[in-house]
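Asks: Next comes the sequence, and after it the predicted model I'd like to discuss.
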Amino acid sequence: MAHDWDDFRYFLALSRASSTVEAARALEVTHQTVSRRIAALEARLNMRLVDREGASLRLTSRGVALAERVAEMETMSHSITQLARHSGEEVEGRVRITTSDAGIRFLLMPIIDKLMKTYPDITIDILTSTEVLDVGSGFVDFAVRFTSTPDEDLIGQKIAPVGLRVSGTRNLIDAFDRGLRNPADRQSVPIITFDNNPEKVPDWVEGAVSDGSPVHRVNHMESLIELVQRGHGVCLLPCFISAQLDNLVHSQVLPLRSPIDLWLLTNAEVRRSEKIRQIRAFLQKELTALAPHIAGSAVPRTLG
């Protein structure tokens, strides 16, 4: 029996969503289209895949089993695409790199400039996201990640620990440091942090500011940078970022922290390509040269 992969693609999107509306949003179609394709697949397979309970959906046991197999098919499809894309030996063609927006803005862009001058026949896809894109399945060739726990299925190198310091405009950092030096001098200093723990004040604030100091929360590094540059609070920033923002200084009291590392990662399959090996060596060399700046032991005003 011949099957239309597109129907399976719709089913896989639905299996990863909580409703046809959410699946439709991911596929950029209408939810009626998703419902129609799923119904057609069920009819063709003569198998009930989804239990419909009002607006919510739940996969049947057969639906769960099929979703696992379709996910394997998707991974194999990406793998075949990856092999085809990297079959040539010349350093040309498309190269996909994923990192964060801040990683591109404050660290990688000068390296990308050099890469494109060194290998003028390549085309670059830069995929910036707060999500972790799947290097292992072939969506991207390289990931430059800020993490303490890189994916065990990937290969790569730890470039350097990422040095972090409490940073802000001078008046706020002076007030922050006075509170650390003398508890009697503690005052209200606004704090900016990420929203991954909305009930907790960051531990680096302890002993520096008065109780009740406002805590602003963001879910993206660019928002954090914008707020701290505008003088709306102090925050914990990578040294290689704060050093490139002219109006920021860092605490002279709190020591450097390095809770995460910078990694250059790829997967075992694509490294068989000569093109990928050469570009990986290039990226590794350029990033390693910046290791002292990333670690916070020697940070210039610009990495360009």
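Replies: Yep, that arrived.

Asks: In the protein, mark out all the strands, start to finish.
Replies: Per DSSP state E, the chain carries strands over the ranges 50-53, 56-59, 93-99, 122-128, 142-147, 155-168, 191-194, 215-218, 235-238, 249-250, 257-266.

Asks: and those strands as CSV, adding mean neighbour count, distance to Arg105 and mean pLDDT?
Replies: Where you see a C-beta, it was placed from the backbone N, CA and C, and this is true even at glycine. Below are those laid out as CSV (neighbours: other CB atoms under 10 Å; distance: least, CB to CB, whole Å; pLDDT from 0 to 100):
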stretch, mean neighbour count, distance to Arg105, mean pLDDT
strand 50-53, 13, 43, 78
strand 56-59, 14, 40, 75
strand 93-99, 20, 10, 88
strand 122-128, 14, 9, 90
strand 142-147, 21, 12, 90
strand 155-168, 21, 15, 93
strand 191-194, 22, 18, 94
strand 215-218, 16, 16, 93
strand 235-238, 26, 12, 96
strand 249-250, 20, 19, 94
strand 257-266, 19, 15, 92
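
Asks: Now render these as a markdown table, adding distance to Leu108.
Replies: Below are the strands of the chain laid out as a markdown table (distance: least, CB to CB, whole Å):
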| stretch | distance to Leu108 |
| --- | --- |
| strand 50-53 | 42 |
| strand 56-59 | 40 |
| strand 93-99 | 6 |
| strand 122-128 | 8 |
| strand 142-147 | 6 |
| strand 155-168 | 11 |
| strand 191-194 | 21 |
| strand 215-218 | 22 |
| strand 235-238 | 13 |
| strand 249-250 | 22 |
| strand 257-266 | 10 |
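
Asks: Quick check: which of those is nearest to Glu274?
Replies: Proximity to Glu274 (CB to CB) singles out strand 93-99 among the strands of the chain, at 11.4 Å.

Asks: and that closest one, which strands flank it?
Replies: strand 122-128 (parallel), strand 142-147 (parallel) (DSSP bridges).

Asks: Could you list the domains of this protein?
Replies: 5-85, 88-304 (automatic domain parsing).

Asks: most neighbours per residue, which of the ones you listed?
Replies: Ranked by average neighbour count under the criterion mean count of other CB atoms under 10 Å, the domains of the chain are headed by domain 88-304 at a mean of 17.

Asks: gap between that domain and the chain center?
Replies: 10 Å (CA atoms, centre = their mean, to the nearest Å).

Asks: need the helices for the stretch 51-200 of the chain, in chain order.
Replies: 61-85, 101-103, 109-118, 170-181 (DSSP state H, counting those that start in this stretch).

Asks: Could you list the low-pLDDT ranges of the stretch 1-150 of the chain?
Replies: Where the stretch 1-150 of the chain drops to pLDDT under 70, the residues are 1-4, 18, 53-56, 78-90, 129-140.

Asks: before we move on, the earlier item: arrange the helices of the stretch 51-200 of the chain in a markdown table, one row each, with distance to Ile294 as further columns.
Replies: Converted to a markdown table, the helices of the stretch 51-200 of the chain look like this (distance: least, CB to CB, whole Å):
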| stretch | distance to Ile294 |
| --- | --- |
| helix 61-85 | 29 |
| helix 101-103 | 11 |
| helix 109-118 | 12 |
| helix 170-181 | 22 |
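
Asks: Let me see the contact set for His215.
Replies: Careful, residue 215 is Val; it's not His. 190-193, 201 (CB atoms under 8 Å, 6 or more residues apart in numbering).

Asks: With Ile97 instead?
Replies: 108, 112, 124-127, 140-144.

Asks: which one of these sits closest to Arg25?
Replies: Nearest to Arg25 among the contacts of Ile97, with distances taken as CB to CB, is Leu127, at 19.4 Å.
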